[in-house]
Every structure is written in structure tokens, then in C-alpha cells.
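Q: Predicted model and sequence follow; I will ask about them next.
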Amino acid sequence: GLKYVSLLPNPFSPEVSPLKIGYFLTTDIPPAMVSIRIYNLRGELVRTLLDNDIQFPGRYGSRTSLKEISWDGTADDGNIARNGRYIIRITAKDNSGEKTELIPVVLVK
């Protein structure tokens with residue numbers, strides 16, 4: 001499962017600092033495959049931060065955690081994303097099933 005999912009700061013400006021994505025991963029059957037994708041409100045994929053990344057139970061998203069995860073506001077094509085609302089989709093999958101969290105974020109340049 002995914003617990004304590006947080007986005008800081010929200011709203012965020014990539015000109016000031018990146019968006020930090022944090023969560024606590026739990027699984028009874030490690031490891032889990034974790035994907036983090038960012039979509040615009042039309043449902044179009046803007047950026048893939050992680051794609052089936054192998055992770056073990058623990059805390060993620062800060063300098064002192066197992067992995068630091070952030071979004072600098074760029075799209076997969078390298079351009080800065082537009083001002084607006086986005087959905088961060090975090091999916092954790094192991095042999096017992098799949099858990100998905102959807103969290104809104106606002107990007108302001």
C-alpha cells in the first residue's frame with residue numbers, strides 16, 4: 001500500500017523549487033514495482049518520473065529516505081509544462097495486487 005502521500009509545496013513553481021513527492025510504501029510480498037506519472041486534466045501523459053521502479057517497504061521522497069523523488073516542472077519532451085492543474089498518479093504493484101493514488105497539484109510559473 002501507499003501511505004502518507006504528500007506533495008510539497010503545492011502549488012509549486014519550478015522557477016523557485018521542484019515539487020517533492022513523498023510516500024511510505026508497505027508490501028507483504030516485497031519488492032513492489034512503483035510507477036509515478038503526471039497527467040494534465042485532459043488525461044494526457046505529461047511526464048513519467050518512475051516506470052516500474054523496484055522498491056522495498058519504507059519511506060520515499062526525501063533526502064534521508066530510500067529514494068528522493070521530485071518533479072522539476074518539465075514534460076517528457078523537455079519543455080516546461082504549462083501553468084495549471086495536474087494529477088500525480090502513483091501506482092505500487094506486487095504479487096498480491098495493485099494500489100493507486102491520485103493526487104492533484106498546481107504548477108504556477
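A: Arrived safely, thanks for sending.
Q: quick one: Pro104 from Ser96, how far?
A: 28 Å (C-beta to C-beta, to the nearest Å). Any C-beta I mention is one placed from the backbone N, CA and C, and that applies to glycine too.
Q: meant to ask about Tyr23
A: Using C-beta to C-beta, one obtains 18 Å as the distance from Tyr23 to Ser96.
Q: So which of the two has more stuff around it?
A: Tyr23 (25 against 11; other C-beta atoms under 10 Å).
Q: The more buried one: what's its closest spatial neighbour, skipping adjacent residues?
A: Val5 (4.5 Å; C-beta to C-beta, 6 or more residues apart in numbering).
Q: what sits opposite the residue nearest to Pro18 when sequence neighbours are not counted in the beta ladder?
A: Using C-beta to C-beta, 6+ apart and skipping the chain neighbours, the partner closest in space to Pro18 is Ser70 (4.1 Å). Beta bridges link Ser70 to Lys20 when assigned by DSSP bridges.
Q: repeat for the one 4 residues further on
A: Here Thr74 sits in beta bridges with Ile80, going by DSSP bridges.
Q: My read is that it contacts Arg47, right?
A: Yes - applying C-beta atoms under 8 Å, one finds Thr74 in contact with Arg47, separated by 6.8 Å.
Q: Name the residues contacting each of these two.
A: Counting by C-beta atoms under 8 Å, 6 or more residues apart in numbering, the shared contacts of Thr74 and Arg47 are Ala81.
Q: Those two: who's more crowded?
A: Comparing Thr74 with Arg47 by neighbour count (other C-beta under 10 Å), the higher total belongs to Arg47, at 18 against 14.
Q: show me the contacts for the nearest residue to Ile69 once chain neighbours are set aside.
A: Leaving aside its chain neighbours, Ile69 sits nearest to Ile21 (4.5 Å; criterion: C-beta to C-beta, 6+ apart). Ile21 makes contact with Ser6, Leu7, Ile36, Leu49, Gly61, Ile69, Ser70, Trp71, Ile88, Ile90 under the criterion C-beta under 8 Å, 6+ apart.
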